[in-house]
Structure formats: structure tokens, C-alpha cells
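> model this:
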Amino acid sequence: MQSLIAVFFGGAIGASLRYLTGLLILKTFGLIYIATFLVNIIGCFLIGAMYALSTKFAIPNNLKLFIMAGFLGGLTTFSSFCLENLVFLKDGKFIHFTIYTLLSLIIGMTATAIGYYIFSGK
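Numbers count the residues shown, from 1 in each chain. Sure thing, here's the model as predicted:
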């Protein structure tokens with residue numbers, strides 16, 4: 001139960017920060033994709049740093065869940081995707097990396113387009 005609570009609160013903070021970042025960037029630059037790009041890149045950096053630290057130091061599991069699954073998951077799921085791919089590469093699973101990356105992008109974009117076209121009426 002403590003793990004779920006850690007993810008819940010971390011996710012609430014991450015999602016809120018993503019929303020506030022979007023508002024700030026939209027107000028400043030008028031382009032929402034800059035906010036998406038920014039949080040994705042920052043999230044990738046932070047999850048890589050947390051992963052490295054968790055291999056060097058005994059970080060409590062609930063803290064790792066709060067930060068990685070909760071906060072960074074709420075901020076951006078792209079960071080989780082990139083970490084999973086880093087682990088594939090680190091473990092020498094190049095075929096897994098290639099298939100996962102290509103399928104995620106191709107099927108993800110296809111699902112987005114299908115959802116859009118079904119519900120847009122176009």
C-alpha cells in the first residue's frame with residue numbers, strides 16, 4: 001500500500017508540474033510542443049540520473065517509486081520509454097530495443113491517428 005501511495009503522490013506532483021510548465025511555455029512562446037519537448041528531455045535526464053544513483057546507493061524502494069514511476073511518470077512517460085530502451089541497450093538486447101522503439105512509434109502514431117479520425121468525424 002505504501003508503494004501505491006508513493007506513486008500516487010509523485011504522479012500528482014509530476015502531472016501538476018507538467019501542466020504548469022505547459023501554461024508557462026504557452027504564455028511565453030505560444031507553442032505548446034515546446035513544453036512537451038522540454039518536460040520529455042528533462043524527464044529523460046532525471047530518470048537516467050535516478051537509475052544511475054539507484055545502482056550506486058541503497059535508495060529506499062518507495063523513494064524510487066515516488067520519483068521514477070510517480071513524479072517522472074506523471075511528468076512524462078517518455079522518460080520511462082527511454083529508460084526501458086537504455087536497459088535493453090545496456091543488456092545487449094539490440095533486437096528488443098529496435099522492435100520496441102519502432103513498434104512504439106509506428107503503432108503509437110497509428111493509434112493516435114485512428115483515435116483522431118474516429119472521433120473527429122473526418
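> from now on I want contacts and neighbour counts done on CA atoms only, so please keep to that.
Will do.
> from residue 107, how far off is residue 3?
For residue 3, the distance to residue 107 under the criterion Cα to Cα, to the nearest Å works out to 31 Å.
> could you do residue 19 as well?
Computed with Cα to Cα, the distance linking residue 19 and residue 107 is 26 Å.
> who's more crowded, these two?
The residue with more neighbours, out of residue 19 and residue 107 and counting by other Cα atoms under 10 Å, is residue 19; that gives 15 against 11.
> quick one: pLDDT of the more buried one?
Residue 19 is assigned a pLDDT of 92 by the prediction.
> cool, and the one 4 residues further on?
The predicted local distance difference test score for residue 23 is 93.
> what helix or strand is it located in?
Secondary-structure element containing residue 23, defined by DSSP states H and E: helix 2-29.
> in that helix, what's buried?
Within helix 2-29, the residues that count as buried by 16 or more other Cα atoms under 10 Å are 6-15, 17-18, 21-22, 25.
> just curious, which of those residues is nearest to residue 69?
The shortest approach to residue 69 among those belongs to residue 7, at 6.0 Å (Cα to Cα).
> once you drop chain neighbours, what's closest to the closest one?
By the measure of Cα to Cα, 6 or more residues apart in numbering, the closest residue to residue 7 outside its immediate chain neighbours is residue 70, 4.1 Å from it.
> for residue 76, see how far away the one you found is.
Look at residue 70 and residue 76: by Cα to Cα, they are 10 Å apart.
> so what's in contact with these two at the same time?
Residues within reach of residue 70 and of residue 76 at once, by Cα atoms under 8 Å, 6 or more residues apart in numbering, are residue 14.
> helices and strands of the chain: which one bottoms out on pLDDT?
Ranking every helix and strand in the chain by mean pLDDT, DSSP states H and E puts helix 32-56 at the bottom, with a mean of 87.
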